[in-house]
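Novice: coords please:
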Amino acid sequence: MNTNQDQRPKVAIIMGDATGIGPEIVAKSLSTKETRGLCRPAVVGDARVMAEAIQLTKAPLRIVPRKNWKEVSGQADLMEMFDLANLDPKEYKVGEVSPRAGKACLEYLEWAIPQVVAGQAQAMVFAPLNKQAMRLAGSPYNGELEHFAHLTKTELFGEINVMDPLWTSRVTSHIGFREICAQLNPDRIFRAITLLHKTMHGGGIENPRIGVAALNPHAGEKGLFGPEEENIIKPAVERARQEGMDVKGPFPADTIFVRARKGEFSGIVTMFHDQGQIATKLLGFDRGVTVAGGLPIAIATPAHGTAHDIAGRGVADIGAFQAALRVAVRMAISLKK
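Specialist: Alright, predicted model coming up:
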């Protein structure tokens, strides 16, 4: 192995929820030249589950257990694994939510994240997890991001969506539509702008150009359709500009993504979940990535879920997983500088 190859970052690959497509897309990914060129991957999971995934996908890989990160070589025909041996395939059924599989996922995360924080690996990419399964297994968190923040002792964090080259964040997320206005204020919007700027910079984008979406149709028409743009969003944008960020807005939500696609913005802050998710998924659902923004380490995952409807058939597409791997490696390299 030459010196250039040795410089590839080591990446912890979480196999994901075993009842979904995670193990099979991990097996497929580790079989590609792209993955081997990007990093030295090591899978964190259960070797019995991954052996079944290798058999299902006919991946030309041989599982080799590792005891520490110094042993991880990145050799192309190996699936180097940190085998936690905590999930017998007889304990769950593919395609169905399983608290047992959810508990195993929690254990993978709690094992891997401290390793990355300590610098043993330079990034973590996780195959899809199942929030319901993890809650049934006893997790006190609504989602994995809150768990990551706890494990890394991070206070300012949030979900960032990437549809390369466009990065997006949102001010409010998983709440009822009628609650959105009550949760919008200049401070929250400013924090969302700051988080996106910081995360993009950490992802190797030196000068993020950020556009901020309006809440109301036509950006409120100067108060005709609502006061939020003038009273809440504009003050946050101006504050961010005073902090030195290249940010503009608010712009009507039905045109801001068109402007971004033409190259005007490299990042967009939206006011609520579907305002950004609908647009980005239309731009390319098969390559969407979710980044854990604000953390001191690089963590990324495909934007799709466990896909129980197709799990176990070996037909899952790895496009979004590969995109997540590319983003995580880029972040790892940037954070190292």
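Novice: the helices in the stretch 201-337 of the chain, which residues?
Specialist: Secondary structure of the stretch 201-337 of the chain by DSSP state H, counting those that start in this stretch: the helices cover 228, 234-242, 253-261, 273-284, 319-336.
Novice: mind listing what the residue nearest to the spatial centre of the chain touches?
Specialist: What sits nearest the mean C-alpha location of the chain, by CA atoms, centre = their mean, is T290, with 2.7 Å. The neighbourhood of T290, defined by CB atoms under 8 Å, 6 or more residues apart in numbering, consists of E159, I160, N161, V162, A300, T301, P302, A303, A324. No exception for glycine: its C-beta is placed from N, CA and C like everyone else's.
Novice: okay, and for the stretch 201-337 of the chain, where does confidence drop off?
Specialist: Along the stretch 201-337 of the chain, segments meeting pLDDT under 70 span 285, 337.
Novice: quick revisit: out of the helices of the stretch 201-337 of the chain, flag the one nearest M50.
Specialist: Minimum separation from M50 across the helices of the stretch 201-337 of the chain (CB to CB) falls at helix 319-336, 14.7 Å.
Novice: which strand residues bridge the residue nearest to the centre of the chain?
Specialist: Beta-bridge partners for T290, by DSSP bridges, are N161, T301.
Novice: any idea how far T194 is from it?
Specialist: Applying CB to CB, to the nearest Å, the value for T290 to T194 is 19 Å.
Novice: one more: R239?
Specialist: Counting by CB to CB, the gap from R239 to T194 is 9 Å.
Novice: for the two, indicate the residue with more neighbours.
Specialist: A direct count of neighbours by other CB atoms under 10 Å for R239 and T194 places T194 higher, at 22 against 17.
Novice: can you name the helix or strand that the more buried one falls in?
Specialist: helix 186-202 (DSSP states H and E).
Novice: who's in contact with that helix?
Specialist: Residues outside helix 186-202 that contact it (CB under 8 Å, 6+ apart): 156-158, 160, 167-172, 208, 210, 212, 232-233, 235-237, 239-240, 243, 245, 247, 266-267, 269, 271, 291, 293-294, 298, 331, 334-335.
Novice: same check, this time on stretch 47-58
Specialist: Under the criterion CB under 8 Å, 6+ apart, residues 15, 18, 23-24, 26-28, 31, 43, 59, 61, 63, 65, 79, 81, 83, 85, 87-89, 312, 314 lie in contact with stretch 47-58.
Novice: can you check stretch 203-211 too?
Specialist: 162, 167, 193, 196-197, 200-201, 240, 245-249, 251, 256, 259-260, 264-269, 291, 327, 330-331, 333-334.
Novice: are any of those buried, and if so which?
Specialist: 162, 167, 193, 196-197, 200, 240, 245, 247-249, 251, 256, 260, 265-269, 291, 327, 330-331, 333-334 (16 or more other CB atoms under 10 Å).
Novice: re the thing from before, tell me the buried residues within the contacts of T290.
Specialist: E159, I160, N161, V162, A300, T301, P302, A303, A324.
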